[in-house]
Every structure is written in structure tokens, then in C-alpha cells.
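Trainee: what's the 3D shape of this:
(one chain, ligands or ions: 1)
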Amino acid sequence: MAVIEIIGGQWGDEGKGKIVELMARKADLVVRFSGGSNAGHTVINQYGTFGLHLVPSGIFYSGVKCLLGNGVVVDPAILIQEMESLNSRGISTSNLFISERAHLVMPYHLLLDGLEEEARGAGAIGTTRRGIGPAFVDKTARQGIRVADLLDKKVFFRRLSQVMQLKNVILTKVYGAQPLSVDEVYKQYLSYARTLAPHITDTQRLVDEALERKDFILLEGAQGTLLDPDFGTYPYVTSSSPMAGGGCQGSGIGPKRIDRIIGIFKAYNTRVGSGAMPTELDDETGELIREIAHEFGTTTGRPRRCGWFDAVAGAFSVRINSFTGLAITRLDVLDALPQIKICTGYHLDGKLVRGFPTQLTTLEKCQPVYEEMPGWLTPTSDIRRYRDLPLAARRYLRKMEELLSCPVDIVSVGARREETIIIKPIP
Ligand code: IMP
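Mentor: As a prediction, the model looks like this:
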């Protein structure tokens, strides 16, 4: 059938969870491919409201296999908690599979995430403190522990002792913190292993078989393109690639197999954590958007910074991901605004720039250039067909298509699954 990637086009929290859950109805396989429990995907369906951190949003459909791919870092404590919470609400997790190649988030990663943030002082990144950065550092530094290691007690103990020797030196000598006990961590992780063992497998086999059968595969992105370590607002980024390329790497599916890459964008911009955001609104409108949209982090509860849609950053995101279509979410949030602005360029040192700068110091100096458009002041949540949207809303969406050079495939007008306008049919 098709392989579709669902990728965040902004700084995360674009509503990927809703779109994945909506599309997963027809999917055979849903694969999370990057990040870890730093993600927070909100799903609202007939079973209730769910804030998922690790489990893919396809879990609500009994016929869909959900994979945590090789590119994810897994905190077993959070995963087990999430699975138990789903089970207690009647959602089976028997179709959840964890890649043997995925790396584990360990207790020292959680400690180091906090200690490193504190040491950064005013330059703190504002991480979710879920140990994500330190876990990916270890993966790259070749001192990570993989899910497969958990399945062999001897291998796990040897590896853990070796790595923790170094970690305890860093904890005690660099940060003056207490060392961690190898025995305690060992016992704790073996108990996690007992719970997770039935779900651990070589997910590559499942992916290959699904490709062979031409199944419908959804790649579920986490975070957003502007948090990518290469292309995002470095150093205020996350530690794995949330982009379309990251989807291939983190799932073991080559680029030639991808049929559609859908970029998810909110109808405005938000950001949680530190780092430049040229269209941030530090005024009543920003506050209004935050209140209407309840823009508070799913993982940390932090208020999200809100601002107008940044089409400069958006067009950059479209180019570097090769998006084939856009899903514009939360259009209904703008229903109450009489005027809407869209950022079409930046003013930098008296000159107009349309490219997205590499350096944060440059981005910080960029002043947004806005085009003002009339709002529609009409509720849109009950609308199901594109042509029934108010003219001003259609003009706003057309403007996005024009500035981003990419067609809008889906418009989301509410949190619930049915509050969606499908323009380009899902396979
Ligand atoms: P980390 O991924 O926890 O290391 O955090 C690095 C940066 O990415 C911080 O600015 C976080 O706020 C941001 N971040 C990480 N995950 C998410 C997410 O799921 N949504 C939005 N921002 C995120």
C-alpha cells in the first residue's frame, strides 16, 4: 500500500499524535523512530484523553502493530507505566514491539540531564529532563546499553558494571553527586526486562515483512524539525533527528520506500524550552492563543511560548524534509482572532532575508516581517469539507501553501478524531 511519514514541521507539539491516530485506523504498522519519553502525544478518542510519551499512537486499533524502532531511546520505567495505564483503561498493548537495537535510558542519564542543565545556568536548554540527551550521547560515544542487552543477564551485568564505573566517576568527581549502586540498577532493570521481554524483538523483521506485503506503514515522528541537531536552532535542540531522514534511519526503512511525507504544522507557532523564536508574542494575543489552545507541555506542563505562523522557518522545514503535503492543525484556535499575521520574511540589519539563518545569534536579531490577513470570526470545528470553510480561512491556508510551496492535505479543526478535513485521501 504505502509508507507515510508524519513529521513535525516546527518546534514539536504540532499535533502529530492526533494525525497518526487518525491515519492509523487503516495502517498495518505504526513505527516511532526517534526521541524517547521527552515526546508527549495527546490523543482524544472514544476511550478518553491520553498523553502518550513512548507508545505509538496506533495502539488504540487492535489490528495495528506498534513498534518502538531502533532510533528510539527507551526508559523502561516510563514505558511500563504507560502500558499499565493503557491496560487499566481497556487498551491492549499486546501488539507493542520494542526494537532490540533501541538504546535504554538509564538512571544516570536522568541524573546527568538535570545536573548538566543546572551547570549550564542561564544557558540552560530547557530540556524535558527525561535523560534523552545523555542517552543519545552514550549511543554515539559507544557506551550505551541496548534493549537486547537486557535479555542476557551476564551480558547486561558486564556492560552495566563497565559503563557505570565511568558514570559514577562523573557523578561524584564532576558534579559532587552521590554514586549509583550497580547492584540496585541491575536488579531494577532485570525486573523491567521480565515485564518487557514478550515485547522485545528484532523489529526489523516485522518492518521487512510488512514492506514485502506492501502493507500500510506509518512512521510516527516525535519533536519537530526545528529541534533537529543538524538543522534546528542549535544548541537549543533535541538529540535525535525528528526529520524525514531520521525516520528512515530510526526505523530501518530506506528512503526509496517512502511514498508520502506529511509535514505537520500548527496554524500558528509554539515553542517550549529556550532558544530563539522570531514570531513569539509576548503580549495579550500570545496569552490569548495559549489560553484558547491550552498550550502547556504534555510532558512537563510548562507553558508553551506562542506566536504567529513563521513561513520562513516553515518553508525551510518543507525543503529539508521534502514534504509532499502539509497537515495544518489547530486552525480552530484562530477562530476568535479578528486579524491574523503570517511571517513572510525577516528584517536583519536593515535588509530583508527570506532564508532561515544557521546561527542562533543571527536568528535572535531577526525581526519578523508580517502580512496581515483578516480573521474569519466563525467557529470551524464542525466543518468537514474544505469548501465549507470561511473564505478568510481558505485564504489563510492558500497563503501557507504559497509561502511553503507545498499543498495542504489535511486540516485539523479540533482535538477529536472527527474534527478533521481530509483534502488528499489517506490510502
Ligand atoms: P530534550 O529533548 O528533553 O533534551 O530537550 C531539548 C529541547 O527539545 C528542549 O527545548 C525541549 O523543550 C524540546 N523538546 C523535547 N521534546 C519535545 C516535544 O515533544 N515537544 C516540544 N519540545 C520538545
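
Trainee: domains of the chain?
Mentor: Here the domain assignment for the chain is 2-99+198-260, 103-196, 265-422, based on automatic domain parsing.

Trainee: Columns mean pLDDT on top of those domains, output as a markdown table?
Mentor: Output for the domains of the chain, formatted as a markdown table (pLDDT from 0 to 100):
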| stretch | mean pLDDT |
| --- | --- |
| domain 2-99+198-260 | 96 |
| domain 103-196 | 97 |
| domain 265-422 | 96 |
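
Trainee: distance of the closest residue to Ser92 other than its chain neighbours from Ser94?
Mentor: Nearest non-adjacent residue to Ser92, counting by C-beta to C-beta, 6 or more residues apart in numbering: Ser62, 6.4 Å away. C-beta: built from backbone N, CA, C; applies to glycine. Distance from Ser62 to Ser94, counting by C-beta to C-beta, to the nearest Å: 9 Å.

Trainee: rewinding a little: touching, the residue nearest to Ser92 and Asn95? I think so.
Mentor: Yes: using C-beta atoms under 8 Å, Ser62 makes contact with Asn95 at a distance of 7.1 Å.

Trainee: which of those two has more neighbours?
Mentor: Legend: neighbour count by other C-beta atoms under 10 Å for Ser62 and Asn95, higher for Asn95 (18 against 9).

Trainee: List the residues that contact the nearest residue to the more buried one once chain neighbours are set aside.
Mentor: With C-beta to C-beta, 6+ apart as the criterion, Asn95 has its nearest non-adjacent residue at 5.1 Å, and that residue is Lys65. By C-beta atoms under 8 Å, 6 or more residues apart in numbering, Lys65 lies in contact with Asp28, Leu29, Val30, Gly58, Asn95, Phe97, Leu206, Ala210.

Trainee: one more time with 10 Å, if that's ok
Mentor: 27-31, 56, 58-59, 94-97, 203, 206-207, 209-210, 215, 217 (C-beta atoms under 10 Å, 6 or more residues apart in numbering).

Trainee: Burial-wise, tell me which of the domains of the chain comes out on top.
Mentor: domain 2-99+198-260 (a mean of 22; mean count of other C-beta atoms under 10 Å).

Trainee: who's in contact with Phe356?
Mentor: 226, 231, 233, 278, 310, 312-317, 319-320, 346, 362-363, 366.

Trainee: what do you get if the cut-off is 8 Å, keeping everything else the same?
Mentor: So Phe356 contacts Val312, Ala313, Ala315, Phe316, Leu363 (C-beta under 8 Å, 6+ apart).

Trainee: The nearest residue to it once chain neighbours are set aside in helix, strand or coil?
Mentor: Leaving aside its chain neighbours, Phe356 sits nearest to Phe316 (3.7 Å; criterion: C-beta to C-beta, 6+ apart). Classification of Phe316 using DSSP: H, G, I helix; E, B strand; the rest coil returns helix.

Trainee: ok, back up a step: how about TSV for the contacts of Phe356, with distance to Pro374 added?
Mentor: Output for the contacts of Phe356, formatted as TSV (distance: C-beta to C-beta, whole Å):
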residue	distance to Pro374
Val312	22
Ala313	24
Ala315	23
Phe316	27
Leu363	29
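
Trainee: Residues contacting stretch 388-398, please?
Mentor: So stretch 388-398 is contacted by 267, 328, 331, 334, 340, 342, 373-376, 378, 380, 383, 386, 408, 411, 421 (C-beta under 8 Å, 6+ apart).

Trainee: just those that are near the ligand?
Mentor: Contacts with the ligand within the contacts of stretch 388-398, counted by C-beta under 6 Å from any ligand atom: none were found.

Trainee: mind checking pLDDT for Met1?
Mentor: Met1 carries a pLDDT value of 69.

Trainee: Quick check: of the contacts of Phe356, which lies closest to Thr238?
Mentor: Ala313 (16.1 Å; C-beta to C-beta).

Trainee: that's a helix at Glu209, yeah?
Mentor: Yes: according to three-state DSSP, Glu209 belongs to a helix.

Trainee: doesn't Pro303 make contact with Glu295?
Mentor: Yes: look at Glu295 against Pro303 with C-beta under 8 Å: they come within range, at 6.8 Å.

Trainee: Give the helix, strand or coil label for the closest residue in space to Arg354 that isn't next to it in sequence.
Mentor: For Arg354, ignoring the flanking residues on the chain, the nearest one in space by C-beta to C-beta, 6+ apart is Gly345 at 4.9 Å. Secondary structure, three-state DSSP: Gly345 is strand.

Trainee: re earlier: so how far is Phe296 from the residue nearest to Ser92?
Mentor: 32 Å.
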